[in-house]
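S.K.: just to be clear, the model below is a prediction. Sequence and coordinates:
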Amino acid sequence: MTGAPEIDFLAPGTPVDLSNCEREPIHVPGSIQPRGVLLAVSDPHHVVEQASENLEQLTGVPWQEALGRPLADVLGAAAAGAVIRSASAFGDLRERNPVEVTLDVRGEQVPVDALLHRAIVEGELPRGRGGATGGTPSTSLVVELEPARGPRPFSFPNTYQAVRGTIADLNRASSLQELYDITAQAVRGLTGFDRVMVYRYDADYNGEVVAEAKLDGLNSFLGLHYPASDIPAQARALYEKNWIRLISDVDYVPSPVRPTDHPTSGRPLDMTFSTLRSVSPIHVEYLHNMGVRASMSISLLRDDKLWGLIACHHYSGPHAPPYATRAAAEFLGSTLSLRLVDRAQEEEVRRALRVRSTLTSLTAAALDEDRTLTDTLLGSPSLLDLLPADGVVVRLQGRTRAAGSEIPLDVAEAVAAWAAGREDDVVATESLHRDAPQLGAPEELACGALVLPLPEGQFVMWLRGESVRHIDWGGDPHNKAIAEREGDEIRLSPRKSFERWRESVRGRSEPWTPEQVAEATELRTHLLEALYARSRSVVRAAETLQRSLLTEPVQPAGFELAVRYVPAAREAQVGGDWYDVFDLPDGSTILVIGDVAGHDSHAAATMGQLRGLLRGIAYSGSAGPAGLLTQLDGAIAGLGLGALATVLVGRLERPEGADGATLLRWASAGHLPPLLRGPDGRVQVLDKPRPGLLLGVDASRPRTEQQVLLQPGSTLLLYTDGLVERRDQIFDDGVELLAGALAELGSRPVGELCDALLGRLLPDGAEDDVALVAACVRPCRP
């Protein structure tokens, strides 16, 4: 299953204890909780293939008599007809649950909620929740029947009415903690559980209770941590697919599904999406040890990954909120997930903009050759404004300076030498004692370090002292298992103590976040540029620009990409042409080509700023090419960069059902038009409509966006004006010559194509800087 962990599941019938529970196949338990009944019927003939043993209790039909009979014989014609009509409609079955039916059981009319989903029994696995599938798999329609309780008829308005006030409160919440607290109180009020907790995971899936609403007199779990082993990987994978799970009575006796193996697959029925799925006996024992008699959990997701849970506990006896109430609670969980994502993105954008402003200022100041780099980086703003730390040490161009905590020079030099030996652009550790014990670094000053090794023994280094962390666990996480004797056997069972247990973590600093490492990496790029711009060698400056800023492109599946940068043969050290190619989290690929006005170190600095800003904007949002240019123009104005530049941004996407074609969306801020060579060899100039204003002219002007479908074998070419403009040649003539050369040479691999185009159009070298990006949709050659 996509996104599921690779788990070597236990063979059916293997005894389960804590030594192997992480391999328990909990998605195929072979039984259900008996608060309802389950039928698996053939799809689309609707003949009963499997049934739970307790079927007679709700329907009046013994399970043995149900097997092999039409669904109408078991539920009655009216109820079966309603189920079949709902199952026959398009879309996700879950969106139409429950199907409200009435069963005639021995003359008594019994209202029932029918909950439907499809289980794959042969073929491809499901892509979505509860019915949407890929390919043409063989499916079984799973019908779960629960006695109806609560408000009827069930509808979206009923769900929304139950949570409308809470949604408004969540929208007004001003902090993450307020979001947590509102949700915990609302879910408890809605469901009636004795205790409701919002439970958040860290990067290692250890959990922390961050909010709690409980019955008076219960001890508090707020602030307690629980180890990742309490909810093993296969359980987390189920939570990412089926967002709510109810155990209405931990003392339930499982009702087996008969026959055990599905007649089509020969394997137990996959109950990933079942609401009645029986749960692990280890988990039931765990709840017993906590004194819990009923429980419910609601998944909290971020980017389709489990972020946390809303965990509900009941102590006074069984507790079974009706389906309508559970649906409303799940709706609250989904809303909280969305608000958490929004809040996290808002806070990250604000933080990133603050850091981006500091980085921009440091980058611009670093190119001022009237000040030493060490003074520049430790001035105002300083490196400590970029990354929080206790101290920072800089050695650049023969000068060494420090700020913050006084770090002995020999300690700094030893850490820098160790980092240089790692041969990475950025070296980060939160524990030098663990990763480099031979250094003997004093933990009160240098427990954690982030180092930028630079050429010729130069470096920039941030240091953090030890940060002793006290973690309150719900029981000792290092002694979670106890031995239980069962006859002549000894097995491991869940712990019975959940009293607050404090652990002190020493020998670590505050960790360096991935965002901080990425920002330090970008600073290193700009420092390399500044170091080489201060040198007197035109060749070294050009080579450094290529190596430190214009990196090799990504190579996403289905494309061949090549880039080239040719510095002009002139006295100026660096210029403002650039390209960029990078992937976004949604799988699309961004292509950028740009040219900052000017041919000096200031143009190069501005180019670096724009490149970094555009990357940050693209990666932290979901805007299209026109939106990216609009936000970049706004940042230029807001940060007072005073930049003028032409930029073209393209976005390559793989639309479904396009037979291998690629959708190109692009927007231009005054840049030259892209060229597109089709698989038939004809070249098209994508110059309609005319490009918009340059960046830096008027940030309020709207940007337009174009799109075209690139067929397999097509080649897209982006370029700067140095390739098509010379003293004796205007743009239009140069573009026409380039189009002709692309038509003639475009059948080559894209790397060879770039070199051939440069050789054809610039036989005597470039008068101006040239940047070039070529992208081919495979197959590239006939």
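M.R.: The structure has been received and is ready for your questions.

S.K.: list the contacts of R703.
M.R.: A626, G627, L629, T630, D633, A667, A669, G692 (Cβ atoms under 8 Å, 6 or more residues apart in numbering). (C-beta placed from N, C-alpha, C; glycine too.)

S.K.: apologies, that question was intended for A643.
M.R.: Neighbouring residues of A643 by Cβ under 8 Å, 6+ apart: V596, A597, T606, Q609, L610, I636, L695, G696.

S.K.: one step back: tell me which of the contacts of R703 fall in strands.
M.R.: Taking DSSP state E, the ones among those that sit in strands are A667, A669.

S.K.: in PyMOL, how would I select just the buried ones from the contacts of R703?
M.R.: Filtering the contacts of R703 down to the buried ones (16 or more other Cβ atoms under 10 Å) takes a single PyMOL command:
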select buried, resi 626+627+629+630+633+667+669+692
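
S.K.: nearest to D261 among the contacts of R703?
M.R.: G627 (52.9 Å; Cβ to Cβ).

S.K.: residues of the longest strand seen in the chain that come out buried?
M.R.: Ranked by number of residues, the top strand in the chain under DSSP E is strand 108-122. Buried residues in strand 108-122, counted by 16+ other Cβ under 10 Å: V110, V112, D113, A114, L115, L116, H117, R118, A119, I120, V121.

S.K.: format the residues you listed as CSV; extra columns: distance to G587 and pLDDT.
M.R.: CSV is the format used below for the buried residues of strand 108-122 (distance: Cβ to Cβ, whole Å; pLDDT from 0 to 100):
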residue, distance to G587, pLDDT
V110, 49, 89
V112, 43, 91
D113, 38, 90
A114, 37, 92
L115, 33, 91
L116, 31, 92
H117, 27, 89
R118, 27, 89
A119, 28, 87
I120, 24, 85
V121, 30, 80
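
S.K.: dump those to JSON lines, plus distance to K688.
M.R.: Converted to JSON lines, the buried residues of strand 108-122 look like this (distance: Cβ to Cβ, whole Å):
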{"residue": "V110", "distance to K688": "67"}
{"residue": "V112", "distance to K688": "61"}
{"residue": "D113", "distance to K688": "57"}
{"residue": "A114", "distance to K688": "56"}
{"residue": "L115", "distance to K688": "53"}
{"residue": "L116", "distance to K688": "50"}
{"residue": "H117", "distance to K688": "49"}
{"residue": "R118", "distance to K688": "47"}
{"residue": "A119", "distance to K688": "51"}
{"residue": "I120", "distance to K688": "48"}
{"residue": "V121", "distance to K688": "53"}
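
S.K.: of those residues, which pair is most distant in space?
M.R.: Within these, V110 and I120 form the most distant pair, 30.9 Å apart (Cβ to Cβ).

S.K.: residue ranges with poor pLDDT in the stretch 601-750 of the chain?
M.R.: 601, 657-658 (pLDDT under 70).

S.K.: where exactly do the strands run in it?
M.R.: 645-653, 662-669, 675-677, 683-685, 706-710, 715-719 (DSSP state E, counting those that start in this stretch).

S.K.: most packed of those?
M.R.: Comparing these by mean neighbour count (mean count of other Cβ atoms under 10 Å), strand 715-719 comes out on top with a mean of 26.

S.K.: output that strand in PDB with nothing but the alpha carbons.
M.R.: Output in PDB follows, covering the C-alpha atoms of strand 715-719 (Å, rounded to 0.1, in the frame of the first residue of the first chain):
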ATOM      1  CA  THR A 715      11.900  19.600 -26.200                       C
ATOM      2  CA  LEU A 716      11.400  22.900 -24.300                       C
ATOM      3  CA  LEU A 717      14.200  25.500 -24.400                       C
ATOM      4  CA  LEU A 718      14.600  28.500 -21.900                       C
ATOM      5  CA  TYR A 719      17.500  31.000 -22.400                       C
END
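
S.K.: now that strand against strand 706-710, angle please.
M.R.: If you take axes from the mean of the first three to the mean of the last three Cα atoms, to 10 degrees, strand 715-719 sits at 140 degrees to strand 706-710.

S.K.: other residues contacting strand 715-719?
M.R.: 579, 591, 593, 648, 650, 664, 672, 674-677, 710, 738, 742, 746, 750, 753, 757, 770-777, 780.

S.K.: what does the domain assignment say about this protein?
M.R.: 21-147, 367-466, 469-505, 549-777 (automatic domain parsing).

S.K.: so which of those comes closest to G333?
M.R.: Of all the domains of the chain, domain 21-147 sits nearest to G333, with 13.8 Å by Cβ to Cβ.

S.K.: D580 and T589 touch, don't they?
M.R.: No: with contact defined as Cβ atoms under 8 Å, D580 does not count as touching T589 (10.9 Å).

S.K.: how near is T191 to G457?
M.R.: 64 Å (Cβ to Cβ, to the nearest Å).

S.K.: closest to the centroid, which residue in the protein?
M.R.: D303 (4.4 Å; Cα atoms, centre = their mean).

S.K.: which of the contacts of R703 fall in helices?
M.R.: Among those, the ones falling in helices (DSSP state H) are A626, G627, L629, T630, D633.

S.K.: tell me how far the residue lying farthest from the centre of the chain lies from A626.
M.R.: What lies farthest from the middle of the chain is G107; by Cα atoms, centre = their mean that is 53.9 Å. Note on G107: its distance to A626, by Cβ to Cβ, is 67 Å.

S.K.: one more: G751?
M.R.: For G751, the distance to A626 equals 30 Å [Cβ to Cβ].

S.K.: and stretch 375-395, which residues are buried?
M.R.: Those would be 376-378, 381-384, 386-387, 389-395, for stretch 375-395 by 16+ other Cβ under 10 Å.

S.K.: do you know the pLDDT at G465?
M.R.: According to the prediction, G465 has pLDDT 87.
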